[in-house]
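> Here is my input, please return the structure:
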Amino acid sequence: MDLVRQVKADICSHKMINRGCKVLAAVSGGPDSMTMLHILYLLREELGISLHVAHLNHMFRGADSEADARFVAGMAQRYGLSATIEARDVPGYKNKHRLSGQVAAREMRYRFLRETADQVGASRIALAHQADDQAETVLINFLRGTGLTGLKGMFSVREGLYIRPLLQVRRSEIERYCDEIKLPYRQDYSNLKTYYFRNKVRLDLMPLLESEYNPALVPALLRLSEICREEDVYLEDRAETAFRSCLLEKDGVRVVLSLGGLKELPLAVRRRVLRRAWQSLDGKQKNLAFRHVETILDLIRSGRTGARAVLPGNVSAVRSYKTLELTAELEKPAVPYYIYPVKIPGSTYIPEIGRTVYTELFRRDPSHKPENLPPSEAMLDFDKLPPRVFVRRRREGDVFKPFGQTTELKLKDFFIKQKVSRKERDWVPLIGTPNKILWVGGIRTGESYKIDQKTDQVLYLKLLS
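Just a heads-up that it's a prediction; the model follows:
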């Protein structure tokens, strides 16, 4: 029962729970969430809390998902706990909003948890992320080229609502705990499929790094995340002070910063001030990507009055003689016609829409499943492609043969079927030739260029914001 004491100590040291509060336990049925539920159940009287179980059937795995839901409901009943068990159409939500399966599931799951917490009066939502999940998150963010913010990993307490009681516990400890007390759980076999990036890191990369480079990899990554959290807090404090000193004007749609004040800041702080200015207009907690920050820095360095950059969230940045002004556009500005050759392999930035087309070339592998890619990614048969590939804005009269169809249709009709509004259509990049469309970026590839058994070289594309 040492694990129970360890979890209690972590809960207390991070002040996760106040006496008298109701905790909503997010339970998938796997070993991590079942261990979390069991330990919270054992500690409920010591901590002075009540529990409510929440489980969402994402409807991705048919009968297996339904069996998971029945299992969680049965375990809640065995503990004498109230439970909310729901099924929501995540596949439908994924298709409607053109998201990857993992992103769609996460959005729907958090929405379900918040709604359920409101309904049952829970002031905390307990999530079962553990130490190996934390290490994987840090490593994944490192591979994506993140800064300190991404290397912080997950927090034990977030937004004063979400808590992670197992964040200091290794996966092996959880498995041993389940074995010792004969705790039943469900196994999600999709976690063993390596075409998901996180699974590939977990099943292939982490074991390789541990066996060949550092057997204490997970503790090292956890230590890195702790260091980065502390340093990020310090830099954020500096950035907040610097933001206020540079701020000249601010309202709901406009932020004006002093150019002279920005130039005096250390580069690390200046980047954070720019992200903070954008966040105040975009209204989202996620960070502005590095390439977009560098675009604004180029404006500051350029010395050209009137230079402009387009940022995500329909925000524009304009440099004047003495100021940098960020403005949230109420309506998206018109996109001028553009056409650029696509670098293969490489990255092609599209300043008119503030997006980047990233490409790679590799040999076809049977494990490549283009249908499992999120809409922002695509795979095409490179040998079927024309000698030069371009990215451009749509034109009147464009036609397109979508994947899975035998005939061409007007691009306008395709957009209508995909429910892409008129004001959004010019913002969709088209990858192809001046006359043919290979990929309607972020929506659908063309039938004529799909991968088949004869494919040798694969062109991988990713649309970055």
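> any idea how far I49 is from N18?
Per Cβ to Cβ, to the nearest Å, N18 is found 8 Å from I49. C-betas here are computed from N, CA, C, even on glycine.
> Between those two, which is the more surrounded one?
Ranked by neighbour count (other Cβ atoms under 10 Å), N18 and I49 place I49 first, with 21 against 11.
> so who does the more buried one touch?
Going by Cβ atoms under 8 Å, 6 or more residues apart in numbering, I49 touches 17, 19-23, 40, 43.
> top of the residues you listed by neighbour count?
L40 (24 neighbours).
> right, and the secondary structure at that one would be what?
Put simply, L40 is helix when judged by DSSP: H, G, I helix; E, B strand; the rest coil.
> just checking, it touches V53?
No: judged on Cβ atoms under 8 Å, L40 makes no contact with V53 at a distance of 10.0 Å.
> list residues touching both of these two?
Common neighbours of L40 and V53 (Cβ under 8 Å, 6+ apart) are A25.
> Mind jotting down where the strands sit in the stretch 101-250 of the chain?
124-126, 157-158, 162-163, 247-251 (DSSP state E, counting those that start in this stretch).
> For G160, give its distance to M36.
19 Å.
> cool, G446 as well?
Separation of G446 from M36 (Cβ to Cβ) stands at 46 Å.
> for I39, what are its contacts?
Neighbour list for I39: 3-4, 7, 165 [criterion: Cβ under 8 Å, 6+ apart].
> any chance of the residues you listed in TSV, plus distance to Q279?
Shown next, in TSV, are the contacts of I39 (distance: Cβ to Cβ, whole Å):
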residue	distance to Q279
L3	39
V4	40
V7	34
P165	29
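> Now, the residues you listed that are in helices?
3-4, 7 (DSSP state H).
> Among those, name the buried ones.
3-4, 7 (16 or more other Cβ atoms under 10 Å).
> how near is the residue positioned nearest the centre of the chain to K454?
For the chain, V103 is the residue whose C-alpha lies nearest the centre (Cα atoms, centre = their mean; 6.4 Å). For V103, the distance to K454 equals 32 Å [Cβ to Cβ].
> What of K384?
K384 is 9 Å from K454, by Cβ to Cβ.
> Go ahead and confirm the residue nearest to the centre of the chain touches R198.
No: assessed by Cβ under 8 Å, V103 is found out of contact with R198, at 12.0 Å.
> what's the nearest residue to F362 if we skip its chain neighbours?
Distances taken as Cβ to Cβ, 6 or more residues apart in numbering place V458 nearest to F362, at 5.7 Å, with adjacent residues excluded.
> Look up the residues forming beta bridges with the closest residue to R114 other than its chain neighbours.
Spatial nearest neighbour of R114, excluding adjacent residues (Cβ to Cβ, 6+ apart): I125 at 7.5 Å. Beta-bridge partners for I125, by DSSP bridges, are L24, Y162.
> close enough to count as contact, I125 and L161?
Yes: at 5.8 Å, I125 counts as touching L161 under the criterion of Cβ under 8 Å.
> the more surrounded of those two?
More neighbours surround I125 than the other of I125 and L161, with 22 against 14 (other Cβ under 10 Å).
> residues touching the more buried one, list them.
23-24, 26, 54, 113-114, 117, 161-163.
> and if you look at F60?
Listed by Cβ under 8 Å, 6+ apart, the contact partners of F60 are 90-91, 101, 105, 190.
> Would you confirm that it belongs to a helix?
No: counting by three-state DSSP, F60 is located in no helix; its state is coil.
> Roughly how far does it sit from L208?
Counting by Cβ to Cβ, the separation of F60 from L208 is 29 Å.
> cool, and S316?
Taken as Cβ to Cβ, the span from S316 to L208 is 44 Å.
> same check, this time on I353
Taking Cβ to Cβ as the measure, I353 falls 38 Å from L208.
> More neighbours: which of these two?
Under the criterion of other Cβ under 10 Å, the comparison of I353 against L208 puts I353 first, with 19 against 11.
> got the phi/psi numbers for the closest residue to G20 other than its chain neighbours?
Closest residue to G20 apart from its sequence neighbours, by Cβ to Cβ, 6+ apart: G48 at 5.8 Å. The phi and psi values for G48, taken as degrees, to the nearest 10, are phi 70, psi 40.
> Good, wrapping up.
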